[in-house]
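*Asks:* for reference, the sequence and a predicted model appear below.
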2 protein chains.
Amino acid sequence: MTIRVMGIDPGLTRCGLAVVDVEPNRHSTLVAVGVVGTEAGRSLDQRLLVIAEAVDEWLDLHSPHVLAVERVFSQLNVSTVMGTAQASGVVIAAAARRGIPVALHTPTEVKAAVTGNGQSDKVAVTKMVTKILRLDAPPRPADAADALALAITHAWRRGVGMQGAAAASGAGAATPAQRLWAEAEARARRR
Amino acid sequence: MTIRVMGIDPGLTRCGLAVVDVEPNRHSTLVAVGVVGTEAGRSLDQRLLVIAEAVDEWLDLHSPHVLAVERVFSQLNVSTVMGTAQASGVVIAAAARRGIPVALHTPTEVKAAVTGNGQSDKVAVTKMVTKILRLDAPPRPADAADALALAITHAWRRGVGMQGAAAASGAGAATPAQRLWAEAEARARRR
């Protein structure tokens, strides 16, 4: 069954939103991608409202099976991390209200899943997302690419978890990143 | 005009909720107080959903004029601050969706407003809240008292801001804390 994943890279200034359909063989297709942003000069409640309304609209319009959200760490930039956490709370609650399951993935998990290397930079992630989804041009800004990468990551990790043998053997349609990642997962399992 | 303020002390494990009616002369009356909590073992989305639904219910039931929320700082306990920030995001967005204005107050502002001393401990805050609202017993747990203190703080600060002369001269019904606080404000204005 094709799974529809919505990925969100939360943030007050820019919140990346993406919806991707992923087939059991990992073939992934872009459904929608965008960014919702608010100016730093607006009040916190109005900024969170803009994000809440955008997420509600996207969830209702695209009806994803699952929402993948970047896991927020307090070790990041102190000046922005609180706003990011508040935005992620709004996003997660919006899905929970609709009974849509929420999965959290770390940036390292996302980089590893998409590029095969958990230490990749944003350029490498954007490049692989563009390739995986067969896009004519790289998604901009980076938050949009990150949201797409989150959605792909969740579907691929879930796919392997639920049907490991099939995903591991179905190498026909796999991209280099998919192969790298499958190998990395296989190595991790051997440890 | 009597102002109805809802105060929320956000948190994933315990979220204090309070509604207080405050008259222009600062006379304050308890409308409702409670705590909504979720166990640490539950998933983040389910924990945020419990908070979101409780806040929705309280906002719809009590129709406050304004929501006062504790301002979250990233300097606090790192292991809980992210959950607290996520809960506060959910709470603030719930008010914003209803067009209810949101005010943020720091713990120091709350302590100063209620006890006259920004460095007071929780025992002193609870004691003054009990006295101000003429309660038979102190509100428990501390999160409930903090939510009440937040609501009182917002109304009193707003009252002085909007009608400073009246509040400063109307000493008849003022508690010792109210007088202390009015004096502290007067000192601050003289600087």
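*Replies:* Everything's here; your move.
*Asks:* please count neighbours and contacts with C-alpha atoms only from this point.
*Replies:* Fine.
*Asks:* for chain B, see how far away the residue positioned nearest the centre of chain A is.
*Replies:* Nearest to the centroid of the C-alpha atoms of chain A, with distances taken as C-alpha atoms, centre = their mean, sits A:L150, at 1.6 Å. Going from A:L150 to chain B by C-alpha to the nearest C-alpha, to the nearest Å gives 17 Å.
*Asks:* buried residues in the one helix or strand A:V125 maps to, which are they?
*Replies:* For A:V125, the element it lies in under DSSP states H and E is helix A:122-132. By neighbour count on 16 or more other C-alpha atoms under 10 Å in any protein chain shown, the buried set for helix A:122-132 is A:V125, A:T126, A:K127, A:M128, A:V129, A:T130, A:K131, A:I132.
*Asks:* OK, contacts around the residue lying closest to A:G89 once chain neighbours are set aside?
*Replies:* Of all residues not flanking A:G89 in the chain, B:Q86 sits nearest, at 4.0 Å (C-alpha to C-alpha, 6 or more residues apart in numbering or on different chains). By C-alpha atoms under 8 Å, 6 or more residues apart in numbering or on different chains, the contact list for B:Q86 reads A:A85, A:Q86, A:A87, A:S88, A:G89, A:V90, B:L48.
*Asks:* quick one on the thing from earlier: export the very next helix or strand once past the helix holding A:V125 to PDB, keeping only CA atoms.
*Replies:* Heading C-terminal from helix A:122-132, the first helix or strand you meet, by DSSP H and E, is helix A:142-162. Listed in PDB are the C-alpha atoms of helix A:142-162, where the atom choice follows Å, rounded to 0.1, in the frame of the first residue of the first chain:
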ATOM      1  CA  ALA A 142      16.100  24.600   2.800                       C
ATOM      2  CA  ASP A 143      13.200  24.200   5.200                       C
ATOM      3  CA  ALA A 144      11.000  22.900   2.300                       C
ATOM      4  CA  ALA A 145      13.700  20.300   1.400                       C
ATOM      5  CA  ASP A 146      14.100  19.300   5.100                       C
ATOM      6  CA  ALA A 147      10.300  18.700   5.300                       C
ATOM      7  CA  LEU A 148      10.500  16.500   2.200                       C
ATOM      8  CA  ALA A 149      13.500  14.600   3.600                       C
ATOM      9  CA  LEU A 150      11.600  14.100   6.900                       C
ATOM     10  CA  ALA A 151       8.600  12.600   5.000                       C
ATOM     11  CA  ILE A 152      10.800  10.300   2.900                       C
ATOM     12  CA  THR A 153      12.800   9.200   5.900                       C
ATOM     13  CA  HIS A 154       9.700   8.200   7.800                       C
ATOM     14  CA  ALA A 155       8.300   6.200   5.000                       C
ATOM     15  CA  TRP A 156      11.500   4.400   4.200                       C
ATOM     16  CA  ARG A 157      12.300   3.600   7.800                       C
ATOM     17  CA  ARG A 158       8.800   2.400   8.400                       C
ATOM     18  CA  GLY A 159       8.900   0.400   5.100                       C
ATOM     19  CA  VAL A 160      12.100  -1.400   6.200                       C
ATOM     20  CA  GLY A 161      10.700  -2.000   9.700                       C
ATOM     21  CA  MET A 162       7.500  -3.500   8.500                       C
END
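*Asks:* so who does the closest residue to A:P138 other than its chain neighbours touch?
*Replies:* Closest residue to A:P138 apart from its sequence neighbours, by C-alpha to C-alpha, 6+ apart: A:T130 at 5.3 Å. Counting by C-alpha under 8 Å, 6+ apart, A:T130 makes contact with A:D136, A:A137, A:P138, A:P139.
*Asks:* low-confidence ranges in chain A?
*Replies:* A:74-79, A:159-191 (pLDDT under 70).
*Asks:* around chain B, which positions in it sit nearby?
*Replies:* Chain A comes close to chain B at residues A:45-46, A:48-49, A:52, A:72-74, A:78, A:81-83, A:85-90, A:92-93, A:95-97, A:101-102, as judged by C-alpha under 8 Å from any C-alpha of the partner chain.
*Asks:* are any of these buried, and which?
*Replies:* Among these, those classed as buried by 16+ other C-alpha under 10 Å are A:45-46, A:48-49, A:52, A:72-74, A:81-83, A:85-90, A:92-93, A:95-97, A:101-102.
*Asks:* now the host helix or strand of the residue nearest to A:G89, how far from the chain's geometric center?
*Replies:* For B:Q86, the element it lies in under DSSP H and E is helix B:78-97. On the basis of C-alpha atoms, centre = their mean, to the nearest Å, helix B:78-97 is displaced by 15 Å from the centre of the chain it belongs to.
*Asks:* and the angle for it with helix A:78-97?
*Replies:* 60 degrees (axes from the mean of the first three to the mean of the last three C-alpha atoms, to 10 degrees).
*Asks:* the helix or strand following helix B:78-97 pairs with which strands, and in what direction?
*Replies:* As assigned by DSSP H and E, the chain's next helix or strand after helix B:78-97 is strand B:102-105. Strand B:102-105 has the following strand partners under DSSP bridges: strand B:66-70 (parallel).
*Asks:* pull the CA atoms of the strand it pairs with into PDB?
*Replies:* Provided in PDB are the C-alpha atoms of strand B:66-70 (Å, rounded to 0.1, in the frame of the first residue of the first chain):
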ATOM      1  CA  VAL B  66      -7.300  37.300  28.100                       C
ATOM      2  CA  LEU B  67      -5.000  34.300  28.600                       C
ATOM      3  CA  ALA B  68      -1.900  34.800  30.800                       C
ATOM      4  CA  VAL B  69       0.900  32.200  30.200                       C
ATOM      5  CA  GLU B  70       4.200  31.800  32.000                       C
END
